[in-house]
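**Student:** Attaching a predicted model along with its sequence, questions to come.
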Amino acid sequence: MSVLNVSEVSYFRIPLHNIPFEEFPLQISYKYAYCRFFNTLMLTEQKQDFNILGVYDYFSNEPIADYSVLLNQEWLFGEVLSFNPPLRKEGKWGTIGKQPIGSVDIRLPHLKFGKDSWFYLKDGVYHAFAGIKSTKEKVAHLEWSYVYGENSTKLRIVVELLKLEAKRQNLNIPLSEWELIAFKVLRSESANKKIVDEELKQIASTILPDMLEQSIYREVSPELKGSVAP
């Protein structure tokens, strides 16, 4: 049976060993993050399917082997569209459990896109042409309809952890420091070893701003998590 069988929900352990936490302005350090991953094919009547990734607000320094501890945990940030997770070579994500997709309570998230005009997508129909007109105020807390990969997922984890810690300590991290952090996270990934520094800095400056502007998930009202505001 395929690791990414569309009839299953998979739970993964994301290694954070490579992240240079000791070089960041706030002292946090974890070795593992955890996530839920599934495909929408069995949940909608759409011909085109999408992968959905949710990273839990749960971390450890020793690897857990039983996914059941995750089931009552909240998300670190809202569920997002995702490419397939890395399952081979250095940095691969470890599978720690699976469930039949029909046995899991899944609510497909609303996702946003826009700049001058704002739209949201729902019900697993995540094509731009299916966008529903809204306002920035009503969709601001939603996740973007971007597709996350390994780089953006790990960077987002670090950004959210630092945002939480900075708020706890009532500290402000300047943009220049955020950009350096993002570069260091990307530079630490073995998959990026052939990419020159300037290109990584450009990638960081492209994906970082939307992460910084995103609402802290813990602070979003329960009824609005993953849903457009009425």
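**Tutor:** All right, it came through fine. Bear in mind the structure is a predicted one, so any value in this text is a computation, not a measurement.

**Student:** CA only for contacts and neighbour counts going forward, please
**Tutor:** Will do.

**Student:** Grab the longest helix from the chain for me.
**Tutor:** Longest helix in the chain by number of residues (criterion: DSSP state H): helix 150-168.

**Student:** who touches Val228 in this structure?
**Tutor:** With contacts defined as C-alpha atoms under 8 Å, 6 or more residues apart in numbering, Val228 is in contact with His110, Tyr120, Lys138, Val139, Leu142.

**Student:** Give me the buried positions along the helix or strand encompassing Gln99.
**Tutor:** Gln99 belongs to strand 94-100 when assigned by DSSP states H and E. Buried residues in strand 94-100, defined by neighbour count with 16 or more other C-alpha atoms under 10 Å: Gly94, Thr95, Ile96, Gly97, Lys98.

**Student:** Can you add pLDDT and give the residues you listed back as JSON lines?
**Tutor:** Below are the buried residues of strand 94-100 laid out as JSON lines (pLDDT from 0 to 100):
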{"residue": "Gly94", "pLDDT": "94"}
{"residue": "Thr95", "pLDDT": "94"}
{"residue": "Ile96", "pLDDT": "95"}
{"residue": "Gly97", "pLDDT": "95"}
{"residue": "Lys98", "pLDDT": "96"}
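
**Student:** Export those residues to a markdown table and append columns for distance to Tyr148.
**Tutor:** Shown next, in a markdown table, are those (distance: C-alpha to C-alpha, whole Å):
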| residue | distance to Tyr148 |
| --- | --- |
| Gly94 | 18 |
| Thr95 | 19 |
| Ile96 | 21 |
| Gly97 | 21 |
| Lys98 | 21 |
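
**Student:** Which of the contacts of Val228 fall within helices?
**Tutor:** Lys138, Val139.

**Student:** Tell me which stretches of this structure form strands.
**Tutor:** 8-15, 32-39, 51-60, 80-82, 94-100, 111-114, 118-121, 132-134, 143-144, 147-148 (DSSP state E).

**Student:** Reformat these as JSON lines; add distance to Glu177.
**Tutor:** Formatted as JSON lines, the strands of the chain follow (distance: least, C-alpha to C-alpha, whole Å):
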{"stretch": "strand 8-15", "distance to Glu177": "24"}
{"stretch": "strand 32-39", "distance to Glu177": "23"}
{"stretch": "strand 51-60", "distance to Glu177": "24"}
{"stretch": "strand 80-82", "distance to Glu177": "26"}
{"stretch": "strand 94-100", "distance to Glu177": "31"}
{"stretch": "strand 111-114", "distance to Glu177": "27"}
{"stretch": "strand 118-121", "distance to Glu177": "30"}
{"stretch": "strand 132-134", "distance to Glu177": "34"}
{"stretch": "strand 143-144", "distance to Glu177": "24"}
{"stretch": "strand 147-148", "distance to Glu177": "23"}
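
**Student:** which residue is nearest the centroid of this protein?
**Tutor:** The residue lying closest to the centre of the chain (C-alpha atoms, centre = their mean) is Thr153, at 4.8 Å.

**Student:** Taking the buried residues of strand 94-100 together, which two end up most distant?
**Tutor:** Gly94 and Lys98 (11.8 Å; C-alpha to C-alpha).

**Student:** Contacts for stretch 147-166, please.
**Tutor:** 16, 26, 28, 55, 76-77, 80-86, 172-173, 182, 185-186, 189, 207, 211-212, 216.

**Student:** Pull out the buried members of the residues you listed.
**Tutor:** 16, 26, 55, 76-77, 80-82, 84-85, 182, 185-186, 189, 211, 216.
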